[in-house]
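**Q** Here's a sequence, model it:
(chains A and B)
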Number of protein chains: 2
Amino acid sequence: MAELATHDEGSDSAGAKLERQLNNATATIPTRQEVPHPSDVRINVKGAFIVNESDEEVPPTTPGEDFEEDGYQHDRKDIRLPNHKAVVSHVAVDIGGSLAKLVYFSHEPGDNDTGGRLNFLKFETDKIDTCILFMKRLKEEYMQRNGARPRDLCVMATGGGAYKYYDKITEALGVDVHREDEMECLIIGLDFFISEIPQEVYSYTDSNPMAFKPQGTTSYPYLLVNIGSGVSMIKVSGPREFDRVGGTSLGGGTLWGLLSLLTGARNFEEMLSFAERGDNTAVDMLVGDIYGSGYGKIGLKSTTIASSFGKVYKLKRQAEREAEDGGNLANGDAHHDSDSDYADGGKDDGVKFRPEDISRSLLYAVSNNIGQIAYLHAEKHNCEQIYFGGSFIGGHWQTMATLSYAINFWSKGAKQALFLRHEGYLGSVGAFLKRQPPNWGRRTSLDSGGVAGKFSQLAMEQDDR
Amino acid sequence: MAELATHDEGSDSAGAKLERQLNNATATIPTRQEVPHPSDVRINVKGAFIVNESDEEVPPTTPGEDFEEDGYQHDRKDIRLPNHKAVVSHVAVDIGGSLAKLVYFSHEPGDNDTGGRLNFLKFETDKIDTCILFMKRLKEEYMQRNGARPRDLCVMATGGGAYKYYDKITEALGVDVHREDEMECLIIGLDFFISEIPQEVYSYTDSNPMAFKPQGTTSYPYLLVNIGSGVSMIKVSGPREFDRVGGTSLGGGTLWGLLSLLTGARNFEEMLSFAERGDNTAVDMLVGDIYGSGYGKIGLKSTTIASSFGKVYKLKRQAEREAEDGGNLANGDAHHDSDSDYADGGKDDGVKFRPEDISRSLLYAVSNNIGQIAYLHAEKHNCEQIYFGGSFIGGHWQTMATLSYAINFWSKGAKQALFLRHEGYLGSVGAFLKRQPPNWGRRTSLDSGGVAGKFSQLAMEQDDR
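**A** Sure, this is the predicted structure:
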């Protein structure tokens, strides 16, 4: 595995960090016959809760690293499962267009049998090798602790990358890789979070930016809008009953791509920071700009955006005309080379647009658009609740505010936009859970009552296979 | 009128051109008592047809002028009304966010009483004074020929600018300006074109890019999608029965704005020319890029666009990392100034995207999005036909192809995208006609049969008012 060797020899800090992480998640070593097969393990979610980062001694990932240093980001919203004590021999990964989302279970350190936790990590899909390296370390750690053989382990993989990188992962890890359907994993994960995890689902308003919805309070059908590089919209009619009803190619990838060329921002944090400080009316054409006031007859206020980015072309043309009228030949390149392969306007016509204003305008444009299409599908399919998943939102208030406003506006308050703290991990958690029998882990299910601490007896037979 | 004086003294070529245009439309001079009041004139559309530019001796506007020289563009798709011989004492203008669309009637030159024609002109709203100057010349010409007084004349104005520039126009022209509702004018104009004008409405396919629909073949309800700077979507349930059911701010203004900053193109023609020569897969993220193939289970082919512009951010980050890894400090500005007010990425990281590829990607993105939202509204409101109006399309095949494909795709062929040769003039024609009694000019109406050559007797009474 020459390609992985390079990574192994490489950045010590990355390797040291991996070590630290794994050491902190040391499991007690069960006896060999107790190693279960993934399909037999029922995850006990009794008493599950999201860990409050500040309550922990382990220092969190430094903000702003943002993949720069180690190639991954540990989202410290671990979910403690204090009653799951069995060994878990699989990890799950959801590999999308831009990000690979990993979920794995680790036991709490120490002798007290206090169960374990789900850990959530994000990698850039472009650096999939880093993700594979991490999984390799998890595997080695697992085998060392449990004396297990590779075939006992497996990776539950979903997203497009589960197919695209199937061979690469299989060869690198030497374990079974199960490719799971992306849409199904999304809705299984969403169902888990809605039903089992307190303080997970919330709605946004300016006065109450994180109003939690109690777990289990939802009604079918509901709509899942998963916003990643692109957007999928899935109608959910029952626990495992769903239909991808639509989507849009104007997603996170579109916004980040446009802003990276138009503003010079280098990452999402910068782009969103720009947006917070921007005035979109400097580049957007409002109803008031066209009418001189509102267009009340059809319910459009003067502040309604009539055309996103609609002022830019006019202002640029005006500036060009003025530059030409002023005989501005000495002032740089007043002519443009239409065969130029520069991705910018590149003309010294004196018109500059603030990156803050551009960022806000395009954030609004993309978010409002997703909100409108989501509303139209929700209405068509009679869904009152619209859950927004995917890594695009990232808990940023401005994006949530825009989506919430759009849903509220179009539905006249009849529908509700909902968000999740683990929004980016619906698919990976769904894949993680997918091998469980139906109704695993439900607090109300008959099975889960007797699961705590119980190992599967099938493990013995499987050792001999 | 100091502001207009400047224009009067200004470009002789513009003035000379106006003169030529008006001289070519010389009317015979009726007697004073025959000057009708607008509301009494019934336009006789019997035998109406679109003039074939090449059949005419009058040289058309030179292509590529594009507002540069004279400040307006004469769209030479005149509609001959061979049977309308009465004087028409009003003009109509639809003033939108970017363009002002003017319609006026002129009699054919010469002694043969061969009726007249509707003329269609476009001005930039930013140069509204040029438009006002043109209307002023029309008025002066009219008064000279007909010996009429200003109060006999009026301007039927619609669009936001009818309100925003009401005072300016009223003061400049000294005639009545009637402000007409934009949505109503759009659907009146559309109804006129659908019902009365042969070779006006058409559908697009690659093999048959202009397949005309015979006039009058439509069924209610239908959807009008008017694409200007922004987009309005109007459900039409009857000749004057309509409801604005939605719209989107991602319209023509958005596309032109983005492309003007990202590609250096200076006008629509350049942008569309870029798009024709582009490869969107260089910047778009396709399903195949994520999956390594298609996602057949949910009907997505590998060539389906998953994320518009979705490759740009990744490629840029890759290039940045490589530049940094290469210690590329001597090579220009590898650091970025986040407070920079440049509207471009401005970093020498070696990543360039071809303007052709960017143009095609964004043309697709905006058009597909309009197509999808249009489809969702058409489905919601049970409209089989979707008419695309507004100046955005401009008869460009690529835009029509994208819209047609989107409608066909989403509706599985059940709905039809339709275009109009006078797409940008729905509002102005609607305003022009709005003063007519209901059922004016309908070929099948009882009234129109006896209208040819008939003047209103009310004109005499009105002279005394």
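
**Q** got the residue ranges for the helices in the stretch 151-300 of chain A?
**A** A:161-164, A:166-173, A:182-196, A:252-263, A:268-276, A:287-291 (DSSP state H, counting those that start in this stretch).

**Q** Can you tell me which of these is packed in deepest?
**A** helix A:252-263 (a mean of 28; mean count of other Cβ atoms under 10 Å in any protein chain shown). In short, each C-beta sits where N, CA and C put it, glycine included.

**Q** Return the list of helices and strands in contact with it.
**A** With contacts defined as 3 or more Cβ pairs under 8 Å, 6 or more residues apart in numbering or on different chains; DSSP states H and E, helix A:252-263 has these neighbours: helix A:268-276, helix A:355-380, helix B:252-263, strand B:305-307, helix B:312-325.

**Q** and of these, who's closest to B:Ala417?
**A** Nearest of these to B:Ala417, taken as Cβ to Cβ: helix B:252-263 at 16.8 Å.

**Q** Quick one: name the residues of the stretch 1-150 of chain A near chain B.
**A** Contact residues, the stretch 1-150 of chain A versus chain B (Cβ under 8 Å from any Cβ of the partner chain): A:Gly96, A:Gly97, A:Ser98, A:Glu124, A:Asp126.

**Q** ok, 10 Å please
**A** Residues of the stretch 1-150 of chain A lying close to chain B by Cβ under 10 Å from any Cβ of the partner chain are A:Phe67, A:Glu68, A:Ile95, A:Gly96, A:Gly97, A:Ser98, A:Glu124, A:Thr125, A:Asp126, A:Lys127.

**Q** which sections of the stretch 201-350 of chain A are below the confidence cut-off?
**A** For the stretch 201-350 of chain A, the stretches flagged by pLDDT under 70 are A:327-350.

**Q** let's go with 90 and repeat that
**A** Across the stretch 201-350 of chain A, the ranges flagged by pLDDT under 90 are A:215-218, A:239, A:264, A:266-268, A:291-302, A:317-350.

**Q** Need the phi and psi values for the closest residue in space to A:Gly288 that isn't next to it in sequence.
**A** Closest residue to A:Gly288 apart from its sequence neighbours, by Cβ to Cβ, 6 or more residues apart in numbering or on different chains: A:Ser302 at 3.1 Å. In terms of degrees, to the nearest 10, the main-chain angles of A:Ser302 are phi -60, psi -20.

**Q** Thought A:Met285 was touching A:Ser302, still the case?
**A** No: between A:Ser302 and A:Met285 there is no contact under Cβ atoms under 10 Å: 11.7 Å.

**Q** So which of the two has more stuff around it?
**A** Between A:Ser302 and A:Met285, A:Met285 has the larger neighbour count (other Cβ atoms under 10 Å in any protein chain shown), namely 29 against 16.

**Q** Kindly state the beta-bridge partners for the more buried one.
**A** Going by DSSP bridges, A:Met285 is paired in beta bridges with A:Ser307.

**Q** dump the residue contacts of it.
**A** Shown in contact with A:Met285 (Cβ atoms under 10 Å, 6 or more residues apart in numbering or on different chains): A:305-314, B:96-98, B:160, B:229-230, B:249, B:251, B:253-254, B:257.

**Q** out of these, which are buried?
**A** Neighbour-count burial (16 or more other Cβ atoms under 10 Å in any protein chain shown) applied to these gives A:305-314, B:96-98, B:160, B:229-230, B:249, B:251, B:253-254, B:257.

**Q** and A:Ile393, which of the helices and strands packed on helix A:252-263 is closest to it?
**A** Closest approach to A:Ile393 among those is made by helix A:355-380 (8.9 Å; Cβ to Cβ).

**Q** tell me the mean pLDDT over the very next helix or strand once past that closest one?
**A** Sequence-wise, the next helix or strand downstream of helix A:355-380 (DSSP states H and E) is strand A:385-389. Averaged across strand A:385-389, pLDDT comes to 98.

**Q** now the helix or strand following strand A:385-389, how far from the centre of its chain.
**A** The helix or strand immediately downstream of strand A:385-389 is helix A:397-411, counting by DSSP H and E. Centroid separation for helix A:397-411 versus its chain: 19 Å, with Cα atoms, centre = their mean, to the nearest Å.

**Q** repeat for stretch A:187-196
**A** Distance, stretch centre to chain centre, for stretch A:187-196: 15 Å (Cα atoms, centre = their mean).

**Q** so where's the stretch 1-150 of chain A shaky on pLDDT?
**A** A:1-47, A:52-76, A:84-90, A:107-114, A:140-150.

**Q** So the residue of it found nearest chain B: helix, strand or coil?
**A** The nearest approach of the stretch 1-150 of chain A to chain B comes at A:Gly97, 4.5 Å away (Cβ to the nearest Cβ). The three-state assignment at A:Gly97 reads coil, by DSSP: H, G, I helix; E, B strand; the rest coil.

**Q** give the contact list for the residue nearest to it when sequence neighbours are not counted.
**A** The shortest distance from A:Gly97 to any non-neighbouring residue, by Cβ to Cβ, 6+ apart, is to A:Ser229 (3.6 Å). By Cβ under 10 Å, 6+ apart, the contact list for A:Ser229 reads A:96-99, A:125, A:160, A:249, A:251-254, A:256-257, A:390-392, B:285, B:289-290, B:306-311, B:313-314.

**Q** Repeat that for A:Ala282.
**A** A:Lys311, A:Val312, A:Leu315, A:Phe353, A:Arg354, A:Glu356, A:Asp357, A:Ile358, A:Arg360, A:Ser361.

**Q** filter these by proximity to chain B?
**A** Contacts with chain B within those, as defined by Cβ under 10 Å from any Cβ: A:Lys311, A:Val312, A:Leu315, A:Phe353, A:Arg354, A:Glu356, A:Asp357, A:Ile358, A:Ser361.

**Q** Only the buried members of those residues: can you turn that into a ChimeraX selection?
**A** Per 16+ other Cβ under 10 Å, the buried members of the ones next to chain B among the contacts of A:Ala282 correspond to this ChimeraX selection:
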select /A:311,312,315,353,354,356,357,358,361
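
**Q** Isn't A:Asn52 up against A:Lys77?
**A** Yes: here A:Asn52 reaches A:Lys77: they are 9.3 Å apart, a contact under Cβ under 10 Å.

**Q** neighbour count winner among the two?
**A** A side-by-side neighbour count of A:Asn52 and A:Lys77, using other Cβ under 10 Å, places A:Lys77 first with 17 against 11.

**Q** Can you tell me the SS state at the more buried one?
**A** Per three-state DSSP, A:Lys77 ends up coil.

**Q** Any figure for the gap between it and A:Leu118?
**A** 9 Å (Cβ to Cβ, to the nearest Å).

**Q** Pull up the overlap in contacts between the two.
**A** Joint contacts of A:Lys77 and A:Leu118 (Cβ under 10 Å, 6+ apart) are A:Ile50, A:Val51, A:His422, A:Tyr425.

**Q** Can you tell me which of those residues end up in strands?
**A** With DSSP state E as the criterion, strands contain A:Ile50 from among the shared contacts of A:Lys77 and A:Leu118.

**Q** which two in the shared contacts of A:Lys77 and A:Leu118 are spaced the farthest apart?
**A** Farthest pair in the shared contacts of A:Lys77 and A:Leu118 (Cβ to Cβ) is A:Val51 and A:Tyr425. Separation: 14.3 Å.

**Q** Got the domain ranges for chain A?
**A** Domain ranges of chain A: A:14-179, A:200-279+A:355-424, A:282-353, per automatic domain parsing.

**Q** Go through those and pick out the most buried.
**A** Of the domains of chain A, domain A:200-279+A:355-424 is the most buried (mean count of other Cβ under 10 Å), at a mean of 21.

**Q** Many thanks, have a good one.
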